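Enquirer: need coordinates for the following:
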Amino acid sequence: MLRRDKPNHFSTLSAVAALGCILLFCLPVKTADQQDLPPGVSIRLEATPKKATVGDPIQIDLDITTPPAYRAEILQPEMQAGDFAILSFSAQAATGPKGTLPHHKAKIVAAAYKTGMFAFPPVRIILVDGEGKKIQVLSPSAGIEIQSVIGKDKDLKDLKKQSDIPEPFRWLLWFAIALAVGILALLAWRIIRRKKSSMQAINKVPVHDPLDAAESDLRSLLDQGLPAGGREKKFYILLSDIVKRILEAGFGISTVERTTSEIMDLLRLVPNMSSEKSEFIESFLVACDVVKFAKYIPSRSEHEAAAGNALKILDTARISKLSAISLQPSADIQ
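Expert: Numbers count the residues shown, from 1 in each chain. A predicted model of the protein is given here:
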């Protein structure tokens, strides 16, 4: 007896969806300044301000003018677009007075954490004409200058010239110097005597592992619960400082008074530091900087992700420290 198989509708739908995705990403990409854009289509990208300091929010305005029969789909940029961190993205439906060409607009708020001249990367756009034909284009880029926060203060004045000390008071100055030297010598002698008497007690005090101390502070911070009620900035400042201590203890680098880019330059010099690990650590530090300097308020899911990523960095630092210890020569080997 012959059996007829039932059609697999799920497999058919999956194949159609996959074909649609392939066609979308295989659309020809054209820059906005090329001459073969459809008639009546123009694209403008403008940054405000064009000069900003490190961490300042920068507004990127995208304006697309199309014929009435056209439709524009503005694709949201990634969280990290070139040298810029994307803080927010919003797109508007086509607007414009009746009888005029419609305008498709989008607003992007971004921030940069390095100084110099940078170009905000083009935004990807899909144009759909009245017949449903799709064309994928790129907007122009926008030049932005990022300056140091220290460079803002232009009111610094030169030091005053040294004034001469009147001769009648010069002997008083020498007397005060001699007295201060004598007092310092006496204090140094007493400190040396006290250190000698308590040397044995000091040697018995256990030396705490800085990585263990940083881990204790991290878990204490996370046990307090996720930030709420305007405490987000303080939470991310403490979280970032603890993770920097973990990087110091685990990878043997100095993070004191260093920016994220300077810390990453040192981390990339660490032996056996893979690009995957360095990108993961850099993404965590940039996310903390966005909250600390750009006044960005993360969601609860982002808080949970930050806490989990901090613990992962802790585990990575422990593994790196153990590997470094195992590679050291034994003290018994002559």
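Enquirer: hang on, isn't G252 packed against A317?
Expert: No. Counting by Cβ atoms under 8 Å, G252 stays clear of A317, with 10.1 Å between them. All C-beta spots, glycine's among them, are computed from the backbone N, C-alpha and C.
Enquirer: and these two? which has more neighbours close in?
Expert: A317 (22 against 12; other Cβ atoms under 10 Å).
Enquirer: quick check: which element contains the more buried one?
Expert: helix 300-327 (DSSP states H and E).
Enquirer: gap between that helix and the chain center?
Expert: 17 Å (Cα atoms, centre = their mean, to the nearest Å).
Enquirer: show me what counts as buried in it.
Expert: Across helix 300-327, burial judged by 16 or more other Cβ atoms under 10 Å covers 303, 306, 309-310, 313-314, 316-318, 320-321.
Enquirer: got TSV for these, with distance to L247 and pLDDT too?
Expert: Below are the buried residues of helix 300-327 laid out as TSV (distance: Cβ to Cβ, whole Å; pLDDT from 0 to 100):
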residue	distance to L247	pLDDT
H303	21	86
A306	16	90
N309	13	93
A310	11	91
I313	7	93
L314	10	91
T316	9	90
A317	7	89
R318	12	89
S320	10	84
K321	11	83
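Enquirer: tabulate the residues you listed (TSV), appending distance to E282.
Expert: Formatted as TSV, the buried residues of helix 300-327 follow (distance: Cβ to Cβ, whole Å):
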residue	distance to E282
H303	20
A306	14
N309	11
A310	14
I313	11
L314	16
T316	13
A317	15
R318	20
S320	16
K321	20
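Enquirer: can you tell me the centre-most residue of the protein?
Expert: V286 (1.4 Å; Cα atoms, centre = their mean).
Enquirer: isn't that residue right next to A112, touching?
Expert: No. If you go by Cβ under 8 Å, V286 and A112 don't touch, sitting 10.5 Å apart.
Enquirer: what is in contact with the two at once?
Expert: Common contacts of V286 and A112 (Cβ atoms under 8 Å, 6 or more residues apart in numbering): A85.
Enquirer: quick one: G55 is in a strand?
Expert: No. Applying DSSP: H, G, I helix; E, B strand; the rest coil, one finds G55 to be coil, outside a strand.
Enquirer: closest to I281 among the buried residues of helix 300-327?
Expert: Nearest to I281 among those: I313, at 6.0 Å, using Cβ to Cβ.
Enquirer: can you give me the distance of that closest one to I183?
Expert: As judged by Cβ to Cβ, to the nearest Å, I313 and I183 stand 48 Å apart.
Enquirer: L62 too?
Expert: Counting by Cβ to Cβ - L62 and I183 are separated by 69 Å.
Enquirer: tell me, how many neighbours does L238 end up with?
Expert: 17.
Enquirer: average model confidence for the lengthiest strand in the chain?
Expert: Determined from DSSP state E, the single longest strand within the chain is strand 103-112. For strand 103-112, mean pLDDT rounds to 89.
Enquirer: can you check stretch 116-134 too?
Expert: On average, stretch 116-134 scores 88.
Enquirer: now swap in stretch 263-274 and tell me
Expert: For stretch 263-274, the per-residue pLDDT averages 90.
Enquirer: mind listing what the residue lying closest to S148 once chain neighbours are set aside touches?
Expert: In space, and not counting its chain neighbours, S148 is closest to T115: 5.1 Å by Cβ to Cβ, 6 or more residues apart in numbering. Listed by Cβ under 8 Å, 6+ apart, the contact set of T115 reads 54, 146-148.
Enquirer: which of the residues you listed lies closest to A47?
Expert: Out of the contacts of T115, the member with the shortest distance to A47 (by Cβ to Cβ) is I146, at 11.1 Å.
Enquirer: distance from the chain centre to stretch 91-102, please.
Expert: For stretch 91-102 - counting by Cα atoms, centre = their mean - the centre lies 36 Å from the chain centre.
Enquirer: now what about it, what contacts it?
Expert: Residues contacting stretch 91-102 (Cβ under 8 Å, 6+ apart): 40, 65-68, 70-72, 74, 76, 103-107.
Enquirer: that stretch: end-to-end distance?
Expert: 14 Å (Cα to Cα, to the nearest Å).
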